[in-house]
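In: quick one: sequence plus predicted model below, questions after.
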Amino acid sequence: MTLIPSNLNTRLATGLTGWFNPSADAAALVQAQGSLATFFHHPICLTTAGACCAAAGGGVLENEGLVVAIAGRARCAGIGDNRMDALLRVLAADYRTLGSRILQKLSGPFALAILDRANRTALLAIDRIGIQSLYYVSQPDNLLFSSAPAALTRLGSFDTSIDPQAIYDYLYCHMIPSPRTIFRGLNKLPASHFLEWRDGALRVEPYWLPQFSEAKIDTAAAGREMLDLIETAVRRETTATTGATVGAFLSGGIDSSTLAGMLARTVGTADTYSIGFAAPGYDEMEYARTAARHFHTTPHEYYVTPDDIAAWLPQLAVATDEPFGNSSLLPAFCCARFAREQGVTLLLGGDGGDELFAGNERYAKQRIFEHFKRLPRPLQTLIAAAAKPLAGVPLAGKAHSYIRQARISLPDRLDTYVFLERHDPAEVFSPDFLAQVNTAEPLTLKRAAFFAPDHASDLNRMLYLDWHFTLHDNDLVKVNTACRLAGVEVAYPLLDDDLVALSCRIPSAQKLRGSTLRWFYKEATRGFLPDAILTKKKHGFGLPFGVWTRSDPRLLAITDDALESLKQRGWFQPAFLDQARRLHREAHAGYYGELVWILTMLELWLRANTHAALAKA
């Protein structure tokens, strides 16, 4: 259970929860279901021998001893009728013959549970990109699962102490990557993975990996296909929920502008929602206005202020499922809340385009480093040795820095900017804390994801890595959480499985042509999107927290109090926390402001979500 302010929506409109215990008595199952289901809006509940399950935004079916539950907007290959009752019956029938291979037939965002009491077996899975989520607790005689981890911690029955490794991973990644969670006894499914529980034995594996191709394509035809797929996905999402009032996030970037245009094409006059900041270098409202004018949308603008941060930061920190350090959560929430106040019930989010079609600057940067990596290793060593003495010379120093980074292999080179790679962890954490963690774990997880696809280029491996770490564990968590707390649903047309499949067919050289990011996508949308949008640099809903906090005593009070409290936990070096505050005030407000935000969000979450805090409630 979590202490969350009452003016935030805390219940999930879409998700699963349940308890599978083949030996449990009926009374225990009924009691567990009553507790689990309270975290969901209008759940459909089912209790039967050995299992209880509830689904919101989905359905539950008992069929000849099988319990099948699914949440989300799944589609099943081979059936023309994807209504919920038909989908559940097909899943029950196919599971008996296919087992976990049934997942190959599913597409769309979903969380799935199939519980088989007779064979003491359970299957859990989430969609390929991980739009939906599932947390789980595996024990020798039972399996607990939920899209809302607070439902599981409320039941207890497992180790809910804070995991030191999760704290380290959080500071490294600014979130806690799958499969670990903040609690020792709780895990979460990574994207495109399934879990099989068989009489206490656990197996967690991917059921899907992308098949990237470098075969030549008809660029123009593939571009037309892409636009058709995006339009189809937008139409599908806007008609999936009867009576939904639909709007779209609009930052003025390529992806949100594409969706704004497709929504306008689909519904006529589209409502778009944009966030601005009265801070130099952060406001992109003019690009959003350009897109709104071009597609004749009805624009709705909201300017985030320090007042919003002071009001919402403490509340959002408490209400996230786990400590979450992406500062864009707050402007995303303000935008979603603004849309909800205008009557919107479903927002279209433009997440995914950069990770499918190569739109992030780091992809082009890594290609520059790879030129050096292609040299014979003896020549690399010779050049590096010659450049080392010149490290202190201004222009030559840049060459030395390039060579030093280029000699690091992917994916490790992507993390050379990470705070805990640039600073000795012993300067950040206490010795007792470091003795409990594996400082190599974040990179180990990233290497596993990077090398998972077969026969993939370095670019495509970076994209797949980002599907897990940037999308599933970060950006989708951000937008899903912002919309849940605002009381509005969200859909991601650019993450439609058919569009994902198309992106895998686009050769690497056309996703990233030279140093031109998203070359294929830009060519496909040329004439549809305004030129000003196609040529702008990527930005998003960046928050000027560090800049504003310097001059706002309310924000300084929040952060100073949080960092002082964090000292008492014994995890961090007090000198590090003091230095973070000092450098934020005296050096780089943006860079160190982000560090202060991450630490503040951690402490505020811990205060409200530990046993000591809950015992006082």
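Out: Perfect, I can see it now. What you are looking at is a predicted structure, and each value in this text was computed from that prediction instead of being measured.
In: how far does stretch 182-193 sit from the chain's center?
Out: 13 Å (CA atoms, centre = their mean, to the nearest Å).
In: convert it to CSV, retaining C-alpha atoms only.
Out: The C-alpha coordinates for stretch 182-193 follow below in CSV (Å, rounded to 0.1, in the frame of the first residue of the first chain):
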residue,chain,number,x,y,z
ILE,A,182,12.8,-1.6,-5.8
PHE,A,183,11.7,-4.5,-3.5
ARG,A,184,13.9,-7.6,-3.0
GLY,A,185,11.1,-10.1,-3.4
LEU,A,186,9.3,-8.5,-6.4
ASN,A,187,10.2,-8.7,-10.1
LYS,A,188,8.8,-7.3,-13.3
LEU,A,189,8.6,-8.9,-16.8
PRO,A,190,10.8,-7.3,-19.5
ALA,A,191,9.2,-6.4,-22.8
SER,A,192,8.4,-9.3,-25.1
HIS,A,193,9.0,-11.9,-22.3
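In: neighbours of residue 427, how many?
Out: 11 (other CB atoms under 10 Å). Just so you know, the C-beta spots here come from the backbone N, C-alpha and C atoms, and that holds for glycine as well.
In: in a helix, it, correct?
Out: Yes: with DSSP: H, G, I helix; E, B strand; the rest coil as the criterion, residue 427 is part of a helix.
In: okay, domains of this protein per the record?
Out: Following automatic domain parsing, the chain resolves into domains at 15-206, 219-358+464-535, 361-461, 545-615.
In: among those, which is nearest residue 9?
Out: Proximity to residue 9 (CB to CB) singles out domain 219-358+464-535 among the domains of the chain, at 3.9 Å.
In: and that closest one, end to end?
Out: End-to-end distance of domain 219-358+464-535 (CA to CA, to the nearest Å): 20 Å.
In: tell me where the stretch 1-150 of the chain has strands.
Out: Along the stretch 1-150 of the chain, the segments classed as strands by DSSP state E, counting those that start in this stretch run 15-20, 44-48, 51-56, 58-63, 66-72, 75-76, 106-107, 110-116, 121-126, 135-139, 142-146.
In: got a markdown table for the domains of the chain, with distance to residue 9 and mean pLDDT too?
Out: Formatted as a markdown table, the domains of the chain follow (distance: least, CB to CB, whole Å; pLDDT from 0 to 100):
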| stretch | distance to residue 9 | mean pLDDT |
| --- | --- | --- |
| domain 15-206 | 9 | 94 |
| domain 219-358+464-535 | 4 | 96 |
| domain 361-461 | 32 | 86 |
| domain 545-615 | 17 | 91 |
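In: can you put the ones you listed in a markdown table and add distance to residue 8?
Out: A markdown table is the format used below for the domains of the chain (distance: least, CB to CB, whole Å):
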| stretch | distance to residue 8 |
| --- | --- |
| domain 15-206 | 13 |
| domain 219-358+464-535 | 5 |
| domain 361-461 | 30 |
| domain 545-615 | 12 |
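In: and those domains: which comes nearest residue 7?
Out: Checking those against residue 7 by CB to CB gives domain 219-358+464-535 as the closest, at 7.6 Å.
In: that closest one: how far from the chain's middle?
Out: Mean-position distance between domain 219-358+464-535 and its chain equals 14 Å (CA atoms, centre = their mean).
In: hmm, back to that, out of the domains of the chain, which comes closest to residue 213?
Out: Closest to residue 213 of these, according to CB to CB: domain 219-358+464-535, at 5.2 Å.
In: so residue 273, which state does it fall into?
Out: Secondary structure state of residue 273, per three-state DSSP, is strand.
In: likewise residue 375?
Out: Three-state call for residue 375 (three-state DSSP): coil.
In: tell me where the stretch 301-450 of the chain has helices.
Out: Secondary structure of the stretch 301-450 of the chain (DSSP state H, counting those that start in this stretch): helices at 306-319, 329-341, 353-357, 361-373, 377-387, 394-406, 419-422, 425-428, 431-434, 441-450.
In: with distance to residue 66 added, can I get these in CSV?
Out: Listed next are these as CSV, based on distance: least, CB to CB, whole Å:
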stretch, distance to residue 66
helix 306-319, 35
helix 329-341, 37
helix 353-357, 35
helix 361-373, 44
helix 377-387, 56
helix 394-406, 53
helix 419-422, 46
helix 425-428, 48
helix 431-434, 46
helix 441-450, 33
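In: so which of those comes closest to residue 59?
Out: Once these are compared by CB to CB, helix 329-341 is nearest, at 25.8 Å.
In: so that closest one versus helix 306-319, what angle?
Out: Helix 329-341 and helix 306-319 meet at an angle of 100 degrees, taking axes from the mean of the first three to the mean of the last three CA atoms, to 10 degrees as the criterion.
In: hmm, who's touching helix 329-341?
Out: Outside helix 329-341, the residues that touch it by CB atoms under 8 Å, 6 or more residues apart in numbering are 247, 249, 271, 273-275, 277, 300, 302, 304, 308-309, 312-313, 316, 320, 347, 478-479, 481-483, 485-488, 490, 541-543, 545.
In: let's see 6 Å
Out: Identification of contacts with helix 329-341 by CB atoms under 6 Å, 6 or more residues apart in numbering yields 247, 273, 275, 302, 304, 308, 312, 347, 478-479, 482-483, 485-488, 541, 543.
In: list the buried residues of it.
Out: Of all the residues in helix 329-341, those buried under the rule 16 or more other CB atoms under 10 Å are 329-340.
In: same list (these) but as a markdown table, adding distance to residue 45.
Out: Converted to a markdown table, the buried residues of helix 329-341 look like this (distance: CB to CB, whole Å):
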| residue | distance to residue 45 |
| --- | --- |
| 329 | 31 |
| 330 | 34 |
| 331 | 36 |
| 332 | 31 |
| 333 | 30 |
| 334 | 34 |
| 335 | 33 |
| 336 | 28 |
| 337 | 30 |
| 338 | 34 |
| 339 | 30 |
| 340 | 27 |
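In: which member of these is positioned nearest residue 452?
Out: Nearest member of these to residue 452, counting by CB to CB, is residue 329, at 28.0 Å.
In: follow-up on the earlier one: put together TSV for the strands of the stretch 1-150 of the chain, with mean neighbour count and distance to residue 375 on each row.
Out: TSV is the format used below for the strands of the stretch 1-150 of the chain (neighbours: other CB atoms under 10 Å; distance: least, CB to CB, whole Å):
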stretch	mean neighbour count	distance to residue 375
strand 15-20	29	51
strand 44-48	19	61
strand 51-56	27	56
strand 58-63	19	54
strand 66-72	25	48
strand 75-76	19	48
strand 106-107	20	43
strand 110-116	26	47
strand 121-126	25	42
strand 135-139	21	46
strand 142-146	25	50
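In: got those as CSV, with distance to residue 195 columns?
Out: Converted to CSV, these look like this (distance: least, CB to CB, whole Å):
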stretch, distance to residue 195
strand 15-20, 11
strand 44-48, 20
strand 51-56, 15
strand 58-63, 18
strand 66-72, 14
strand 75-76, 20
strand 106-107, 15
strand 110-116, 9
strand 121-126, 4
strand 135-139, 6
strand 142-146, 8
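In: select, out of these, the one closest to residue 190.
Out: With respect to residue 190, and counting by CB to CB, the nearest of the strands of the stretch 1-150 of the chain is strand 121-126 at 8.3 Å.
In: now tell me what touches the closest one from outside.
Out: 20, 100, 103, 111-115, 132, 134, 143, 145, 189, 194-198.
In: over to stretch 428-435?
Out: Under CB under 6 Å, 6+ apart, the answer for stretch 428-435 is 164, 570-571, 576.
In: export it to CSV, keeping only CA atoms.
Out: The C-alpha coordinates for stretch 428-435 follow below in CSV (Å, rounded to 0.1, in the frame of the first residue of the first chain):
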residue,chain,number,x,y,z
VAL,A,428,29.0,8.5,-4.2
PHE,A,429,28.1,5.5,-2.0
SER,A,430,29.1,4.4,1.4
PRO,A,431,31.4,1.3,1.6
ASP,A,432,28.7,-0.7,3.4
PHE,A,433,26.3,0.0,0.6
LEU,A,434,28.7,-0.8,-2.2
ALA,A,435,29.5,-4.1,-0.5
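In: please renumber so the chain begins at 7
Out: New numbering, starting at 7: the last item is stretch 434-441.
In: any idea how far it is from the middle of the chain?
Out: Relative to its chain's centre, stretch 434-441 lies at 28 Å (CA atoms, centre = their mean).
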